[in-house]
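> Structure, please.
(one chain, ligands or ions: 1)
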Amino acid sequence: MMLKLVAVSLFLFIAINYGDGQQRKSALSLGERVQHLSEMANKRAVLKFNSNKFREYIRVQPKNYSMIVMFTALAPHRQCVVCHHASDEFTIVANSFRYSQVYSNKLFFVLIDFDDGSDIFQMYKLNTAPIFIHIPPKGKLKPQDNMDIQRVGFSAEAIAKWIAERTDVQIRVFRPPNYSGTVALVVLFTLVAGFLYLRRNNLDFLYNKTMWATGAVFFCLTMISGQMWNHIRGPPFVHRGRDNEVAYIHSSSHSQFVLETYIIMVLNAAIVFGMVLLTESGKKGDPWKRKMFAVTGLILVTVFFSLLLS
Ligand SMILES: *[C@@H]1O[C@H](CO)[C@@H](O)[C@H](O)[C@H]1NC(C)=O
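Numbers count the residues shown, from 1 in each chain. Reported below is the predicted structural model:
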């Protein structure tokens, strides 16, 4: 992926610099273009362009405005999860600019989706997304005009910093506050407190070891099967290949699918259950039952542990 990206960036500069030499005269005058762009930007901080608009407003001369362009692929069937994260961050920067005091008509934020402008992607030989490019009013693109997201990431802060380096516009990022986590926590605490209050005359269940043990095992299963990773990275549920064949397990050890983590969780749960049976079989009691526990436990552990390893 990294290597591919470097190769793509290289192509990109050759292509963009080559393309710059062929810029056409626009049908609209500079004044008209600036006016149209400002009107569009007043409605939405990020302008969504297709190929025609790209030619009309970006690949033309003369210009007295800079463009920050995000090349991306947001359609659900493209399954580009990072594109959605990047798009959110990009929108935060654009909105911060839109409602700041430095807002002016010398900088515009543009989004080009692969499904609206695949020929633009082709023209620049892009085959990965997202990519952020700064297009200056005049002159050729420099390598730094392609934001190096592999190195600095694409958080709104990183994008704003990069924009400040490429233009002289300093954008202070303002993130809309997110209270959903706090609200969920308060609701949870209220529910638990209410439950304890209702059962205040009968709190024996708090000393029930099986309940706590089950809870602890479930927590461990959740954590070791990679649910946290899913929460942070948001991978797809499964992967649908070209011939509609479905992959449940990711081919690389650096990634995973959601279904894959459920499979891992079930395998681990079966091993744990086998272990519990083996432990139980050591306790005093009906010999026939203990024998059954031992045999079933052994089978569960050997079969599912082998499966997990394979
Ligand atoms: C760019 O040129 C247009 C037309 O002359 C003008 O209206 C606009 O204010 C200029 N923008 C900047 C940032 O100077």
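> buried residues in the helix or strand hosting Asn42?
Using DSSP states H and E, Asn42 sits in helix 30-43. Within helix 30-43, the residues that count as buried by 16 or more other Cβ atoms under 10 Å are Arg33, Val34, Leu37, Met40, Ala41. C-beta coordinates here come from the backbone N, C-alpha and C atoms, glycine included.
> Just list the residues touching the first one, thanks.
Shown in contact with Arg33 (Cβ atoms under 8 Å, 6 or more residues apart in numbering): Ser26, Glu56, Tyr57, Val60, Lys63.
> Okay, helices next: where are they in the chain?
With DSSP state H as the criterion, the chain has helices at 2-20, 30-43, 51-57, 81-98, 118-123, 149-152, 156-166, 180-198, 209-224, 227-233, 258-281, 287-309.
> possible to save the ones you listed as JSON lines with distance to Leu111 and mean pLDDT?
Below are the helices of the chain laid out as JSON lines (distance: least, Cβ to Cβ, whole Å; pLDDT from 0 to 100):
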{"stretch": "helix 2-20", "distance to Leu111": "17", "mean pLDDT": "51"}
{"stretch": "helix 30-43", "distance to Leu111": "12", "mean pLDDT": "92"}
{"stretch": "helix 51-57", "distance to Leu111": "11", "mean pLDDT": "91"}
{"stretch": "helix 81-98", "distance to Leu111": "7", "mean pLDDT": "92"}
{"stretch": "helix 118-123", "distance to Leu111": "12", "mean pLDDT": "88"}
{"stretch": "helix 149-152", "distance to Leu111": "15", "mean pLDDT": "86"}
{"stretch": "helix 156-166", "distance to Leu111": "13", "mean pLDDT": "94"}
{"stretch": "helix 180-198", "distance to Leu111": "25", "mean pLDDT": "91"}
{"stretch": "helix 209-224", "distance to Leu111": "36", "mean pLDDT": "93"}
{"stretch": "helix 227-233", "distance to Leu111": "23", "mean pLDDT": "82"}
{"stretch": "helix 258-281", "distance to Leu111": "27", "mean pLDDT": "95"}
{"stretch": "helix 287-309", "distance to Leu111": "43", "mean pLDDT": "95"}
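> Quick one: closest of these to the ligand.
For the ligand, the closest of the helices of the chain is helix 30-43, at 3.9 Å, according to Cβ to the nearest ligand atom.
> interface residues of the stretch 101-250 of the chain facing the ligand?
Residues of the stretch 101-250 of the chain that fall close to the ligand, judged by Cβ under 6 Å from any ligand atom: Ser104, Asn105, Lys106.
> if we can go back for a sec, which of the contacts of Arg33 sits closest to Phe205?
The closest of the contacts of Arg33 to Phe205 turns out to be Tyr57 (Cβ to Cβ; 66.8 Å).
> Phe49 is in contact with that closest one, correct?
Yes: with contact defined as Cβ atoms under 8 Å, Tyr57 reaches Phe49; the gap is 7.2 Å.
> re earlier: pull the most distant pair out of the contacts of Arg33.
In terms of Cβ to Cβ, the contacts of Arg33 reach their longest pairwise distance at Glu56 and Lys63, which sit 11.6 Å apart.
> Who has more neighbours out of the two?
The neighbour comparison of Glu56 against Lys63 (other Cβ atoms under 10 Å) goes to Lys63, with 20 against 17.
> Can you tell me, leaving aside adjacent residues, what's nearest to that one?
Pro137 (4.5 Å; Cβ to Cβ, 6 or more residues apart in numbering).
> check contacts around that neighbour.
Neighbour list for Pro137: Pro62, Lys63, Asn64, Tyr65, Ser66, Lys106 [criterion: Cβ under 8 Å, 6+ apart].
> quick one: it and Lys48, what's the gap?
Pro137 sits 22 Å away from Lys48, taking Cβ to Cβ, to the nearest Å as the criterion.
> Show me what residue of the stretch 101-250 of the chain gets nearest to the ligand.
Lys106 (3.6 Å).
> close enough to count as contact, that residue and Ser66?
Yes: at 6.4 Å, Lys106 and Ser66 qualify as touching, with contact defined as Cβ under 8 Å.
> ok, those two, which is more surrounded?
Remark: of Lys106 and Ser66, Ser66 carries more neighbours, 18 against 15, as counted by other Cβ under 10 Å.
> List the contacts of that one.
Under the criterion of Cβ under 8 Å, 6+ apart, the neighbours of Ser66 are Lys106, Leu107, Phe108, His134, Ile135, Pro136, Pro137, Arg166, Thr167, Val169.
> which one of the residues you listed has the most neighbours?
When neighbours are counted by other Cβ under 10 Å, Phe108 leads these with 24 neighbours.
> does that one really touch Ala41, like I thought?
Yes: using Cβ under 8 Å, Phe108 makes contact with Ala41 at a distance of 5.9 Å.
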